[in-house]
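A.B. asks: Here is my input, please return the structure:
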Amino acid sequence: MKYEIIVPEFAEGAEEINIRQWMVAVGDTVKKGDNIAEAATDKIAIYIEAPADGKITAILAEEGDRTLVGQIVGELEG
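C.D. replies: Model prediction:
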């Protein structure tokens, strides 16, 4: 099954965040809840977690990209 990796809501009213670092690469195997990317604003840093067990099949946002809450930034095949 294909899963989308999305930017979670992280603070009330916040809409954008920068992808700081991917901790995985395409082809890596992850478990649900694993931290797979770090994202940050000027004031806060968060981790984006794997939505399911599986293999990373696509990274759609590069390190340094500004992304929106709810935006798909990667894909996972579980």
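
A.B. asks: so which helix or strand takes in the residue nearest the centre of the chain?
C.D. replies: Centroid-nearest residue in the chain, with Cα atoms, centre = their mean: Ile48, separated by 4.2 Å. Taking DSSP states H and E as the definition, Ile48 sits inside strand 45-49.

A.B. asks: Report the separation between the nearest residue in space to Pro51 that is not next to it in sequence and Tyr47.
C.D. replies: Using Cβ to Cβ, 6 or more residues apart in numbering and skipping the chain neighbours, the partner closest in space to Pro51 is Tyr3 (4.8 Å). For glycine as for every other residue, the C-beta is placed from the backbone atoms N, C-alpha and C. In this structure, Tyr3 lies at 17 Å from Tyr47, with Cβ to Cβ, to the nearest Å as the measure.

A.B. asks: Name the SS class of the residue sitting furthest away from the middle of the chain, please.
C.D. replies: Of all residues in the chain, Gly13 has its C-alpha farthest from the mean position, at 19.1 Å, by Cα atoms, centre = their mean. With DSSP: H, G, I helix; E, B strand; the rest coil as the basis, Gly13 sits in coil.
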